[in-house]
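Visitor: structure of the sequence below:
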Amino acid sequence: MIWDWSFAAQIVPFLLQGLWITVQITLIGMAIALIVGLFVAVVRYSEVPVISKLFTFYVLFVRGTPLLVQAYFAFFVLPGFGVQFPAMATGIVVIGLNYSAYTAEVYRAGIQSVAAGQWEACTALSLSNWQRWRFVVLPQAIRDVIPALGNYLVQMFKDSAILHAITVFELLGHATAIGSSSYRYLEPMTIAALLFLAVSLPAARLITRLELRLAHPR
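Guide: Alright, predicted model coming up:
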């Protein structure tokens, strides 16, 4: 098969639409992962009875099962129990909750890295539990794990292609649609791969620079 430049130029705008959907999935999904993951990490670290154990099981279950299986379950199984949402919404929630299990562990590592003296100082100052977390622990913990969270953002951007399996029409979905309708897969798949690379590679380099800056502040 020979590369067709004219055909490639025609399909670029269509693929860019898919890229924009992929970016939306990534940003909203990561927002879910950051918020839910932080809540899970704080509750687990605080050892809240029963709830802490439930969240521990949640993390183990999500990390121990493939994202694709979770997506299939949410999209094909839950509707049988009366729980049904559009493919886009389902995909965003699934990938967000999946990554929340990983961000929870990242947050937990950051919390554990906070020096014991900081916790003791909070007690000495009679800070409330909310004040201790809000003003002392979390600012230090989150600062240390920003690079790791950034890496998960890049990974989520690439993993969003999995959601094509539940009919989410993102970048890979657009490329597949072009290929099936034109019987030419070389151009759409190659351009889709280059678009993924064009976003993920600069983002990864930016995260690396941020990590170095945090490790060696001026």
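Visitor: OK, contacts around L172?
Guide: 18, 161, 164, 192 (CB atoms under 8 Å, 6 or more residues apart in numbering). All C-beta atoms are positioned from the backbone trio N, CA, C, and that covers glycine.
Visitor: pretty sure G18 sits against T176.
Guide: No: the criterion here is CB atoms under 8 Å, and G18 misses it with T176 at 9.6 Å.
Visitor: and these two? which has more neighbours close in?
Guide: Between G18 and T176, counted using other CB atoms under 10 Å, the more crowded position is G18 (23 against 17).
Visitor: now do the phi/psi pair for the more buried one.
Guide: When read as degrees, to the nearest 10, the backbone of G18 gives phi -60, psi -40.
Visitor: can you give me the end-to-end distance of stretch 153-173?
Guide: The straight-line separation of the ends of stretch 153-173 (CA to CA, to the nearest Å) is 20 Å.
Visitor: typed the wrong thing, it's stretch 71-88
Guide: The first residue of stretch 71-88 is 11 Å away from its last residue (CA to CA).
Visitor: that stretch: which residues count as buried?
Guide: 71, 74-75, 87-88 (16 or more other CB atoms under 10 Å).
Visitor: got it, and stretch 30-50?
Guide: Residues of stretch 30-50 classed as buried by neighbour count (16+ other CB under 10 Å): 30, 32-34, 36-38, 40-45.
Visitor: filter those down to just the ones in helices.
Guide: Counting by DSSP state H, the part of these found in helices is 30, 32-34, 36-38, 40-45.
Visitor: show me the two of those residues that sit farthest apart.
Guide: Spatial extent of those (CB to CB) is set by the pair M30 and Y45 at 21.7 Å.
Visitor: quick one: average confidence on the helix or strand containing F7?
Guide: Assigned by DSSP states H and E, F7 falls within helix 5-46. The predicted model assigns helix 5-46 a mean pLDDT of 95.
Visitor: tell me the gap between that helix and the middle of its chain.
Guide: Relative to its parent chain, helix 5-46 has a centroid offset of 7 Å by CA atoms, centre = their mean, to the nearest Å.
Visitor: quick one: list the elements packing against that helix.
Guide: Judged by 3 or more CB pairs under 8 Å, 6 or more residues apart in numbering; DSSP states H and E, helix 5-46 is in contact with helix 51-64, helix 87-112, helix 138-159, helix 171-182, helix 186-215.
Visitor: for the third one, list every residue counted as buried.
Guide: By 16+ other CB under 10 Å, the buried positions in helix 138-159 come out as 138, 141-142, 144-145, 147-154, 156-157, 159.
Visitor: which neighbouring elements make contact with it?
Guide: helix 5-46, helix 87-112, helix 186-215.
Visitor: now the angle from the longest one to helix 138-159?
Guide: In other words, helix 5-46. Counting by axes from the mean of the first three to the mean of the last three CA atoms, to 10 degrees, helix 5-46 lies at 150 degrees to helix 138-159.
Visitor: what's the neighbour count on E187?
Guide: Using other CB under 10 Å, E187 is surrounded by 24 other residues.
Visitor: once you drop chain neighbours, what's closest to A31?
Guide: Once flanking residues are discounted, A31 sits nearest to G96: 7.3 Å by CB to CB, 6 or more residues apart in numbering.
Visitor: and the gap between that neighbour and Q24?
Guide: Noted for G96: a distance of 12 Å to Q24, by CB to CB, to the nearest Å.
Visitor: which of these two has more neighbours?
Guide: Using other CB under 10 Å, the more surrounded residue of G96 and Q24 is G96, with 23 against 14.
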